[in-house]
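S.K.: sequence unknown, structure follows:
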């Protein structure tokens with residue numbers, strides 16, 4: 001069976017002769033190509049973001065997108081006269097997406113070639129393929145969660161949040177306190193499984209192992225009394241961030257085995273990973289258990305390694321490791337921590353179960 005293609009997280013559109021039929025500077029009344037609106041709306045409903053890389057007058061092009069009722073669908077658009085490869089890379093960086101998850105569509109072969117040359121991991125499509133994109137596997141996630149359907153709104157809220165932060169005078173911790181952040185850690189139920197699976201698929205920078213857990217595997221873990229499958233959500237005064245983390249934990253009498261911690265890169269700046277790890281360490285301390293975390297280095301999860309080390313995990317061996325089976329995946333390291341009590345977070349309110357009492 002062929003490997004599934006990497007899912008596209010963001011589709012970057014050219015405008016002239018791609019989204020609309022003609023050149024805006026030559027005809028201010030250019031209209032959309034047939035079916036373009038349907039494609040944009042459909043992919044948006046699947047959680048795929050849209051952006052723009054167009055050589056155009058910014059104000060004129062944006063006003064026309066507003067007139068056509070499409071402006072709201074595009075996040076961090078890049079409308080200028082610079083190279084489109086630079087625009088595409090700027091969009092990927094701003095969204096914190098790997099370029100392998102970004103696609104670009106343009107009517108001109110020269111523009112597609114320029115993007116391919118300077119950003120070879122970005123997949124390029126000709127404008128005449130637009131109507132068929134929704135049928136391609138790389139644009140077709142197997143499940144579409146509640147969070148996926150509102151992904152655009154969450155990113156747009158994030159940009160407003162960032163804009164307010166840029167004007168805030170004071171330490172970052174003081175700004176975080178103004179957001180009225182609330183984190184909820186809860187035991188996953190059947191309705192949460194698709195969100196958990198999606199996080200293991202989509203998260204690469206803050207994924208401790210890069211292992212994908214299928215729906216069937218997750219259901220088996222839910223039914224196992226020795227395992228905890230936990231989801232993490234975050235909200236603030238700008239709105240919900242949605243599901244931002246997943247914890248897979250197996251509890252032995254004297255050691256808790258953290259098989260997976262994955263958090264969304266969108267909440268790194270809020271210290272979400274540190275809050276989750278400190279909570280888990282505190283829970284293990286209450287139970288009198290050691291903590292052992294699986295970690296497999298990848299080319300993108302260096303930040304997760306730093307988070308584990310900052311929390312106190314080390315490479316030092318411990319006799320508690322003998323209680324665990326050998327890692328099932330090649331390259332997995334075992335990090336150890338002797339759990340001690342941790343303070344509650346000061347920048348957000350945390351609601352969570354008591355694992356030590358289970």
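M.R.: Alright, I've got the coordinates. Every value quoted in this text rests on a predicted model; they were computed, and no experiment measured them.

S.K.: The stretch 51-200 of the chain: helices as residue ranges?
M.R.: 58-67, 84-95, 109-118, 146-149, 151-167, 172-178, 193-202 (DSSP state H, counting those that start in this stretch).

S.K.: and among these, the most buried is which?
M.R.: Per residue and on average, the most neighbours among the helices of the stretch 51-200 of the chain fall to helix 193-202, with a mean of 21 (mean count of other Cβ atoms under 10 Å). Every C-beta, even on glycine, is put in place using the N, C-alpha and C of the backbone.

S.K.: Now do the buried residues in whichever helix or strand comes after that one.
M.R.: Going down the chain from helix 193-202, the next helix or strand is helix 215-222, by DSSP states H and E. Judged by neighbour count using 16 or more other Cβ atoms under 10 Å, the buried positions of helix 215-222 are 218, 221, 222.

S.K.: From the chain's centroid, how far away is helix 215-222?
M.R.: How far helix 215-222 lies from its chain's middle: 22 Å, per Cα atoms, centre = their mean, to the nearest Å.

S.K.: Ok, stretch 27-42 next?
M.R.: 28 Å.

S.K.: who touches it?
M.R.: Stretch 27-42 is contacted from outside by 16, 18-24, 50, 60, 64, 68-70, 73, 130-131, 133-134, using Cβ atoms under 8 Å, 6 or more residues apart in numbering.

S.K.: before we move on, the earlier item: just put the helices of the stretch 51-200 of the chain in JSON lines and tack on mean pLDDT and distance to residue 337.
M.R.: Conversion of these to JSON lines gives the following (pLDDT from 0 to 100; distance: least, Cβ to Cβ, whole Å):
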{"stretch": "helix 58-67", "mean pLDDT": "97", "distance to residue 337": "50"}
{"stretch": "helix 84-95", "mean pLDDT": "96", "distance to residue 337": "33"}
{"stretch": "helix 109-118", "mean pLDDT": "98", "distance to residue 337": "43"}
{"stretch": "helix 146-149", "mean pLDDT": "84", "distance to residue 337": "30"}
{"stretch": "helix 151-167", "mean pLDDT": "91", "distance to residue 337": "32"}
{"stretch": "helix 172-178", "mean pLDDT": "94", "distance to residue 337": "24"}
{"stretch": "helix 193-202", "mean pLDDT": "67", "distance to residue 337": "23"}
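
S.K.: of all those, which lies closest to residue 263?
M.R.: Distance to residue 263, taken as Cβ to Cβ, is lowest for helix 193-202 among those, at 8.2 Å.

S.K.: what about residue 328, how many residues close to it?
M.R.: Other residues near residue 328 come to 9 when the count uses other Cβ atoms under 10 Å.

S.K.: mind checking the SS state of it?
M.R.: Classification of residue 328 by DSSP: H, G, I helix; E, B strand; the rest coil places it in coil.

S.K.: Distance to residue 11 for the buried residues of helix 215-222 - can I get that in CSV?
M.R.: Listed next are the buried residues of helix 215-222 as CSV, based on distance: Cβ to Cβ, whole Å:
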residue, distance to residue 11
218, 29
221, 34
222, 34
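
S.K.: Which single one of the residues you listed is nearest to residue 340?
M.R.: residue 221 (27.5 Å).

S.K.: how much space is there between the closest residue to the closest one other than its chain neighbours and residue 314?
M.R.: Spatial nearest neighbour of residue 221, chain neighbours left out: residue 227 (4.4 Å); criterion: Cβ to Cβ, 6 or more residues apart in numbering. Remark: distance between residue 227 and residue 314 (Cβ to Cβ, to the nearest Å) = 25 Å.

S.K.: One more: residue 296?
M.R.: Taken as Cβ to Cβ, the span from residue 296 to residue 314 is 17 Å.

S.K.: So which of the two has more stuff around it?
M.R.: Neighbour count, other Cβ under 10 Å: between residue 296 and residue 314, residue 296 has more, with 18 against 12.
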